[in-house]
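Asks: Just a sequence and a predicted model for now, questions to come.
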Amino acid sequence: MRLLPRRIAHWTPTYVTDRLRVAWWQRRHPEAPWLTPEAIDILAANLRPSDRGLEWGSGRSTLWLAQRLERLCSVEHNDAWFARVSQQLSEKGVGNVDYVYR
């Protein structure tokens, strides 16, 4: 017999602690991609200015990657995100991103 509604049954103390830790980290790093801190560290350590990248789905990672790569191709399917990220790239004067809406 399930005591909690299905939508919150996975809210164990560990889950809540992990989610709070991620939210705290993201608040402290508003320009960082929506990836785990460990993944960001790995990318930051291994991306080279001569590298080229492909990003499927844009967002905070787009500008972050563009600042570390020679060229980035980013594909976005959501028109609102496409408009938002396009504006960010324009405001920052980023010219090394081939940004595609599909």
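Replies: The structure has been received and is ready for your questions.
Asks: now the helices for this protein?
Replies: Across the chain, reading from the start of the chain, the helices by DSSP state H fall at 13-28, 37-46, 60-66, 79-92.
Asks: Ranking those by mean neighbour count, which comes first?
Replies: Looking across the helices of the chain with neighbours counted as mean count of other Cβ atoms under 10 Å, the highest average goes to helix 60-66: a mean of 21. (C-beta placed from N, C-alpha, C; glycine too.)
Asks: ok, residue 88 - contacts?
Replies: By Cβ atoms under 8 Å, 6 or more residues apart in numbering, residue 88 lies in contact with 62-63.
Asks: I'd like the distance between it and residue 12.
Replies: Computed as Cβ to Cβ, to the nearest Å, the residue 88 to residue 12 distance reads 36 Å.
Asks: now residue 80
Replies: 33 Å.
Asks: picking up where we left off before, select, out of the helices of the chain, the one closest to residue 53.
Replies: Nearest to residue 53 among the helices of the chain is helix 60-66; the distance by Cβ to Cβ comes to 5.6 Å.
Asks: which secondary structure elements does the closest one contact?
Replies: Judged by 3 or more Cβ pairs under 8 Å, 6 or more residues apart in numbering; DSSP states H and E, helix 60-66 is in contact with strand 52-56, strand 71-76, helix 79-92, strand 97-101.
Asks: Could you give the separation of stretch 94-102 from the chain centroid?
Replies: Remark: stretch 94-102 is offset 16 Å from the chain centroid, using Cα atoms, centre = their mean, to the nearest Å.
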